[in-house]
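>>> What shape does this take:
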Amino acid sequence: MEDLYFDCHIHSNYSQDSLMRPGRILKRAKEVGLTGVAITDHDTIRGSLHARKLEKEVGVTVIPGVEILTDSGDIIGLFVNEEIRSRGWDEVIEEIRGQGGVAVLPHPYRSHLDIPRLAKAVDLIEVWNARSTAEQNERALQLAEGLKKPGIYGSDAHTYGEIGNVGALVNPGTWEVKRVLRSEFSSRSAVIQSQVLHHLRRREFLQLIQSGWRYLWKIVD
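Residues are numbered from 1 along each chain as shown. Sure, this is the predicted structure:
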């Protein structure tokens, strides 16, 4: 089975703050070596459904997703196939799970209220976001570790140059994280590299990523 090299948090032009077209996202993902992406537009799944129609043609797997702005901050739903109607955080999580999806707390220390409650309620915590500071990512890592929640990561890309800014190459047979990679083309590569080095010093980071992929694979499989 092919190694998994995913960017799990990308916005297309179905978000109000991105101009990226789904087809070009997939082509760019392939250029930087990704095997898959999660399209997580603000408040709509339309971008991810558009991308899914193109995944075989381009050869990049698409996880359908959405990032909902709730009354307590953003919550991502992965593996959802219908629009999420609620905006109350607990109802959003319930809707995501009702579709057989996975609820993720992205960048916990950016614009969220009642973080402990949200973190306990979701399935995964984003422990590495390329748009967060090293301090914010460190706190997210500690949060996930303290709650023993599986971890996930993503570039949070809103421009083509950000796609693949973060990525972990995972062996789906052993769940070993073989490499943690970043794009050589990013204008923020120095910042991202410092985060990579910081996180790699933490064995807990790799363990959380491993447990996150085990969790996701239950859905994929």
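
>>> and Arg110, how many residues sit next to it?
Arg110: 15 surrounding residues under other C-beta atoms under 10 Å. The C-beta positions use only the backbone N, C-alpha and C, and glycine is treated the same way.

>>> roughly how far apart are the residue lying closest to Leu113 once chain neighbours are set aside and Glu95?
Once flanking residues are discounted, Leu113 sits nearest to Ser72: 4.4 Å by C-beta to C-beta, 6 or more residues apart in numbering. Look at Ser72 and Glu95: by C-beta to C-beta, to the nearest Å, they are 15 Å apart.

>>> mind checking the end-to-end distance for stretch 74-84?
Taking C-alpha to C-alpha, to the nearest Å, the first and last residues of stretch 74-84 lie 13 Å apart.

>>> tell me the mean pLDDT over it?
Averaging pLDDT along stretch 74-84 yields 97.

>>> show me what contacts Arg179?
Each residue near Arg179 by C-beta atoms under 8 Å, 6 or more residues apart in numbering is listed here: 168-169.

>>> Could you check how many residues crowd around the nearest residue to Pro22 once chain neighbours are set aside?
Closest residue in space to Pro22, ignoring its immediate chain neighbours: Ala51 at 4.0 Å, by C-beta to C-beta, 6+ apart. Neighbours of Ala51 under the rule other C-beta under 10 Å: 29.

>>> So Ala51 is in contact with Ile39, correct?
Yes. Counting by C-beta atoms under 8 Å, Ala51 touches Ile39, with 4.9 Å between them.

>>> and Gly59, what does it touch?
Lys30.

>>> what do you get for Arg46?
Tyr14.

>>> State the distance from it to Gly164.
Applying C-beta to C-beta to Arg46 and Gly164 gives a distance of 23 Å.

>>> how about low-confidence regions in the protein?
Counting by pLDDT under 70, the low-confidence segments of the chain come to 1, 181-202, 220-221.

>>> Could you identify the longest helix within it?
helix 203-220 (DSSP state H).

>>> in that one, what counts as buried?
When burial is assessed from 16 or more other C-beta atoms under 10 Å, helix 203-220 yields the following buried residues: 205-206, 208-213, 215-216.
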